[in-house]
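*Asks:* below: sequence and its predicted model.
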Amino acid sequence: MEMRRTDVLKASPRMFDSELLDRLSRVHPVVPLVLFIPAIAVLFALGQEGMGPPAVVGLLLGGYFFWTLTEYWMHRLIFHFEPEDGIGARLHWIIHGVHHDHPNDPMRLVMPPSVSVPLALGFFGLFVLVLGTPAAHLFAAGFLAGYLIYDMTHYHLHHHKSRTRAGRVLRELHMRHHFQDDTRGFGVSAPFWDYVFRTPQRRVQ
């Protein structure tokens, strides 16, 4: 029996032969909050040493701003790098292709810890190298807060109807990315970068 389109969109196909790897590819949307809110709190506390309020606010905002830029380019260059065959095509499907094939799968809408934690540690190491501490702590706190906003926004756009105008606009733009033109509209929580880099979604006349 052929699956209805709505069933296909919310299906959660097996990604790996290994039972462990397949389980790790799925994650409840609460998990990023449980992992990263305490991390952000610790980083924020550590970053207070010797920092005045203007520096604290500036570094937090700087980290958040850098996340929005990372979100855009990671989505555009990595998630949408689409080789036609071979291991590259397989990697693309694992990283992002499965989400476009089944965008309403509720367990594959936020980044699994097996990916998000190593990435967070890598970025934190980069921030320490460039900024030193305690500035890197605050910058990382803003960066990770931006990541959480992105992950929760992404889940919300797929599974809830927003009551605010801003939420409806974000949902419309992201649904166009999925169902109209996936070569545009890479900013999920920060769509202003699409205008900066000339990839905004075009309105259907």
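*Replies:* Perfect, I can see it now. Numbers count the residues shown, from 1 in each chain.
*Asks:* when you work out contacts or count neighbours from here on, use the C-alpha atoms and nothing else.
*Replies:* OK.
*Asks:* can you pull out the helices in the chain?
*Replies:* 5-10, 19-24, 31-46, 53-73, 86-92, 98-101, 113-131, 135-159, 165-179, 192-196 (DSSP state H).
*Asks:* so for the first one, mean pLDDT?
*Replies:* Model confidence over helix 5-10, given as mean pLDDT, is 50.
*Asks:* next: the shortest one.
*Replies:* When pLDDT is averaged along helix 98-101, the result is 61.
*Asks:* run through the residues that contact the closest residue to G187 other than its chain neighbours.
*Replies:* With sequence-adjacent residues excluded and distances taken as C-alpha to C-alpha, 6 or more residues apart in numbering, G187 is closest to Y72, at 5.0 Å. With contact set as C-alpha atoms under 8 Å, 6 or more residues apart in numbering, Y72 has these partners: F186, G187, V188, A190, W193, D194.
*Asks:* the bottom helix or strand of this protein by mean pLDDT?
*Replies:* When the helices and strands of the chain are compared on mean pLDDT, DSSP states H and E, helix 5-10 comes out lowest with a mean of 50.
*Asks:* low pLDDT regions in this structure?
*Replies:* 1-17, 21-22, 24-25, 81-109, 203-205 (pLDDT under 70).
*Asks:* please look at A141 and L60 and confirm they touch.
*Replies:* Yes. In this structure A141 lies within contact range of L60 using C-alpha atoms under 8 Å: 6.5 Å.
*Asks:* which one of these two is surrounded by more residues?
*Replies:* Between A141 and L60, counted using other C-alpha atoms under 10 Å, A141 has the larger neighbour count: 29 against 26.
*Asks:* so how far is R198 from that one?
*Replies:* Noted for A141: a distance of 29 Å to R198, by C-alpha to C-alpha, to the nearest Å.
*Asks:* number of nearby residues for R184?
*Replies:* Applying other C-alpha under 10 Å, we find 19 residues neighbouring R184.
*Asks:* distance of the closest residue to it other than its chain neighbours from L77?
*Replies:* Nearest in space to R184, with sequence neighbours left out and distances taken as C-alpha to C-alpha, 6+ apart, is T199 at 4.8 Å. Going from T199 to L77 by C-alpha to C-alpha gives 13 Å.
*Asks:* which one of those two has more residues nearby?
*Replies:* For T199 and L77, the more surrounded residue by other C-alpha under 10 Å is T199, and the numbers stand at 17 against 11.
*Asks:* backbone torsions only: list them for the more buried one.
*Replies:* Dihedral pair for T199: phi -130, psi 30, per degrees, to the nearest 10.
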